[in-house]
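> what shape does this take:
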Amino acid sequence: AIMFCGDPASGKTYVSLEVCKSFSEHGYFTIYVDSEGDKNEELFAAHGFKGLDEDYRFLKIKTVENLRIQVTKIIHDYGEYFRSLDLEADYPTRDKIALVIDSISFFTSNRQEENLLKGETKDNLKLNKDLKEFFRDILIDCNIYKIPVILINHVYQSMDMYQSDNAYTNNGKIVSGGMGGRFGASAIVYLEPKRIVEDVKTIDEAKGGATKNSKVVRGTVFSATAAKSRFVNAKSNVQLYVGNKEGFSKIFGLQQFCEGEGGLFTKVTHGSKGSMYQINGKVDENGNPIEVKDYRKMIPELIDDIDTIVKNRFELNATNNSKEIDDMLEEDEKSEGSSDE
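I've put the predicted structure just below:
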């Protein structure tokens, strides 16, 4: 299970739907649990899904009790099908499902609804315990039956000045919804908007031929930080771009893995002629380095090479991650020293 968490409008649902769309391209059927009540067919169509009950279905679930009943039944039924497969003949072409829960901290309970009908607003102190039991019930089976699970969660500001920065916190903010999802998730990724990208457009006025400049939002750059992960180094961070028209960019941010030490290109300056990029390790028929003015258009055809660089930089036990670890340790020493003062 992977958990995406963050403040409102931090891209949690958007990124999750993009991941599920990628799943669908590999034959997965997405079951999307909606506790907030705002998901509809138009949203899924905007992300390129084929249609309701073709490659996705969403379930409107309000209480944690109903969540446990419905999702457990789905996984049980799929488990019966999975166990019936011939793992040699049927497994490669099996029906595959993915599960999304959006969002964990928005569920209520039967007890809270009963209290409201009585005119009482008591909190259900068992709610987080029930959520923990839900994750305990499903995550092992999802692993056995190869069901990817995406969890979406909110964060809240910690009031504890001594709160340590660990897998459940990020810049003083804590993942909500109890400990079940936090323990069960193989990765916790914090999403947050970093900057709004704007274009300045010149608009002609109706009278006198006058013009005025107007800023139009083009998209948003988001930051994704792996606060907890069983796959990559802690605090690994990448940048994502979502355009209002073009949607999620599959190449934005990859230039950081193309240049610099261990990259695919080296920037060289030719005086008044400007800068070029040498393709590392490649020469022409005369033995001269091959240079290009702008390599960004080449990124799609370099994905496999970039993927190797990304793995070497971020994967646990990567051979060349010692510098990143040294930088992290140095930052921790500095912060500890400043707090002691």
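
> buried residues, whatever helix or strand residue 134 lives in. List them.
Secondary structure from DSSP states H and E places residue 134 in helix 127-144. Using 16 or more other C-beta atoms under 10 Å as the test for burial, helix 127-144 gives 127, 128, 130, 131, 132, 134, 135, 138, 139, 142. Any C-beta I mention is one placed from the backbone N, CA and C, and that applies to glycine too.

> okay, those residues in a markdown table with distance to residue 21 and pLDDT next?
Converted to a markdown table, the buried residues of helix 127-144 look like this (distance: C-beta to C-beta, whole Å; pLDDT from 0 to 100):
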| residue | distance to residue 21 | pLDDT |
| --- | --- | --- |
| 127 | 32 | 85 |
| 128 | 31 | 85 |
| 130 | 31 | 89 |
| 131 | 27 | 90 |
| 132 | 30 | 89 |
| 134 | 26 | 92 |
| 135 | 25 | 91 |
| 138 | 23 | 93 |
| 139 | 23 | 93 |
| 142 | 20 | 96 |
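
> out of those, which one sits closest to residue 174?
Closest approach between the buried residues of helix 127-144 and residue 174, by C-beta to C-beta: residue 128, at 12.6 Å.

> so where does the residue lying closest to residue 257 once chain neighbours are set aside fall, helix or strand?
In space, and not counting its chain neighbours, residue 257 is closest to residue 309: 4.6 Å by C-beta to C-beta, 6 or more residues apart in numbering. Using DSSP H and E, residue 309 sits in helix 303-314.

> what do you get for residue 112?
Here residue 112 is assigned to helix 110-117, by DSSP H and E.

> quick one: that helix to chain centroid distance?
Chain-centre distance of helix 110-117: 34 Å, with C-alpha atoms, centre = their mean, to the nearest Å.

> what inclination does that helix have with respect to helix 127-144?
150 degrees (axes from the mean of the first three to the mean of the last three C-alpha atoms, to 10 degrees).

> how about helix 110-117: buried residues?
Buried, per 16+ other C-beta under 10 Å, within helix 110-117: 111, 112.

> chain neighbours aside, what residue packs nearest to residue 132?
For residue 132, the spatially nearest residue (C-beta to C-beta, 6+ apart) is residue 180, at 3.2 Å.
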